[in-house]
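[1] Sequence first, predicted coordinates after that:
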Amino acid sequence: MINKRNFILISPHFPENFTPFAQRLKEEHFQTLGIADVPYEQLTDRLKEALTDYYQVSDMENYQQVYQAVAYFAYKYGRIDRIESHNEHWLELDAHLRTDFNVPGYHLTEIPKIRRKSNMKEIFRSIGLPVAKGRVFSDFSDALQLVQELHYPVIIKPDSGVGATDTYKIDHPHDLETFFTTWQADVPYIMEEFILGEIETFDGIADQDGRVVFYSTFHYSEAVLDTVEKNSEMFYFIPREIPQDIIEMGKKIVEAFQVKERFFHLEFFRTTDGKLIPLEVNMRPPGGLSIDMFNYANDIDVFQEYATIVKDNQFRANVTRPYHCAYVSRKYTNQPYRYSNEQIREQIGAGLIQCQSIPGIFAQIMGDEGYLIRSATKKELFEWIQLIHQRTEEVTHDAF
């Protein structure tokens with residue numbers, strides 16, 4: 001008889017492309033126990049089949065309700081072995097539950113170092129890595145003093161924010177005054193020097209001993225903040241070749257933050273002179289369809305590999321990186337696109353993996369429609385990106 005272990009999945013229905021987490025864990029003989037605030041009837045059939053049991057709460061922000069759900073599962077199934085959401089929003093909730101139920105993983109005392117950008121900076125400095133100049137400020141007077149040290153432009157963002165949410169580029173004194181018209185004094189904000197460069201990432205999975213057993217990287221056409229400000233289309237892609245400096249610095253950061261048995265998404269600036277500066281850490285899979293891109297770029301199943309790491313502390317896939325893989329967005333503003341989806345399918349063929357409409361809450365960043373494409377050559381990949389993005393009145397030009 002197989003001794004099944006109990007894995008609680010917090011909000012397992014969101015995002016929908018995370019459903020394979022529950023599927024693979026159940027296939028590895030875990031009892032998959034879901035907790036969320038949506039009625040069971042609204043779950044997809046795939047998720048229903050992947051869950052051993054489900055507990056609906058009325059408010060996921062009410063800790064007592066979620067605590068009672070976990071306690072119920074512990075009473076019904078025995079000791080809880082893992083609690084995980086793979087979601088930045090529930091990072092602190094996960095940690096609170098792990099602390100109260102003595103479950104392995106990040107606990108409450110460790111949350112500040114993986115949520116607060118000011119704490120991240122201190123850890124980066126402690127291991128000898130460069131950081132963007134800046135700090136948390138207390139009020140308008142303090143911000144004025146700080147901007148005199150850093151000089152315009154500067155970036156202001158919540159010390160504990162997620163992605164580009166509530167992030168501002170401050171170019172002039174008027175921008176700073178405008179920011180303080182809506183500033184919430186009870187929300188700590190950090191001000192940093194503006195660094196000219198591109199965003200690159202180091203993404204992957206660490207096993208139970210903290211070893212990086214899978215890694216990848218994303219290169220972006222522009223910063224997320226620019227995409228939001230301009231309401232523009234964008235793309236980002238996984239290259240087949242990963243820069244050695246980002247591998248070395250990424251592994252050093254994973255060790256410093258004691259990442260174990262979890263995904264990580266580390267962000268860096270690549271400056272115009274080629275230097276690498278760590279920006280922040282995110283202790284969860286990258287957003288959108290990024291986790292699916294790992295699979296398509298490598299012809300593997302990272303959901304399966306995660307499940308076997310949790311079960312046996314083993315990563316079994318042979319990673320050979322046969323493809324460049326890109327996510328390409330479209331925004332249906334201004335003049336229309338030259339090619340229809342049917343024409344794109346005809347021209348790209350098997351290189352087009354997926355085309356889907358994006359829900360409204362993600363469309364500002366991810367576009368109204370998103371395309372996943374892959375190719376063994378970067379030249380072909382960028383030709384396809386141009387094809388998808390070309391407007392009716394544009395002349396084709398090189399992506400680089």
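    Thanks, I have the structure now. Residues are numbered from 1 along each chain as shown.
[2] going forward, measure contacts and count neighbours with C-alpha atoms only.
    OK.
[3] Tell me the secondary structure of the residue lying closest to residue 134 once chain neighbours are set aside, please.
    Beyond its immediate neighbours in the sequence, the residue positioned closest to residue 134 (Cα to Cα, 6 or more residues apart in numbering) is residue 192, lying 4.2 Å away. Of the three states, residue 192 takes strand according to DSSP: H, G, I helix; E, B strand; the rest coil.
[4] show me what contacts residue 192?
    Contacts here follow Cα atoms under 8 Å, 6 or more residues apart in numbering; on that basis residue 192 touches 132, 133, 134, 135, 150, 154, 155, 156.
[5] Touching stretch 365-381 from outside, list them.
    Outside stretch 365-381, the residues within contact range by Cα under 8 Å, 6+ apart are 224, 227-228, 231-234, 239, 288, 293, 296-297, 322-332, 351-360, 363.
[6] how about 6 Å then?
    Taking contacts as Cα atoms under 6 Å, 6 or more residues apart in numbering, the residues outside stretch 365-381 that touch it are 228, 323-331, 351-358.
[7] so after whichever strand or helix holds residue 205, what's the next helix or strand?
    Using DSSP states H and E, residue 205 sits within strand 197-206. Following the chain from strand 197-206 toward its C-terminal end, the next helix or strand by DSSP H and E is strand 212-216.
[8] Narrow the contacts of residue 192 to those that are buried.
    The neighbour-count test (16 or more other Cα atoms under 10 Å) applied to the contacts of residue 192 identifies 134, 135, 154, 155, 156 as buried.
[9] In strands, which of the residues you listed fall?
    With DSSP state E as the criterion, strands contain 134, 135, 154, 155, 156 from among the buried ones among the contacts of residue 192.
[10] With distance to residue 80 and pLDDT added, can I get the residues you listed in TSV?
    Putting those into TSV (distance: Cα to Cα, whole Å; pLDDT from 0 to 100) gives the following:
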residue	distance to residue 80	pLDDT
134	41	96
135	39	96
154	45	97
155	42	95
156	40	95
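[11] Can you mark which positions in the helix or strand hosting residue 99 are buried?
    If you go by DSSP H and E, residue 99 is part of helix 91-101. In terms of neighbour count (16+ other Cα under 10 Å), helix 91-101 has its buried residues at 91, 92, 93, 94, 95, 96, 97, 98, 99, 101.
[12] Report the mean per-residue pLDDT for that helix.
    Taken as a whole, helix 91-101 carries a mean pLDDT of 98.
[13] what about that helix, distance to the chain center?
    Distance, stretch centre to chain centre, for helix 91-101: 20 Å (Cα atoms, centre = their mean, to the nearest Å).
[14] Contacts for the helix or strand just after it, please.
    Next helix or strand after helix 91-101 toward the C-terminus (DSSP H and E): helix 111-115. For helix 111-115, the external contacting residues (Cα under 6 Å, 6+ apart) are 119, 120, 160.
[15] ok, residue 304 to residue 317 distance?
    Residue 304 sits at a distance of 9 Å from residue 317 (criterion: Cα to Cα, to the nearest Å).
[16] for residue 189, same thing?
    Counting by Cα to Cα, the gap from residue 189 to residue 317 is 42 Å.
[17] quick revisit: if we take the contacts of residue 192, which one ends up nearest to residue 48?
    Relative to residue 48, the closest of these is residue 156; by Cα to Cα it sits at 42.2 Å.
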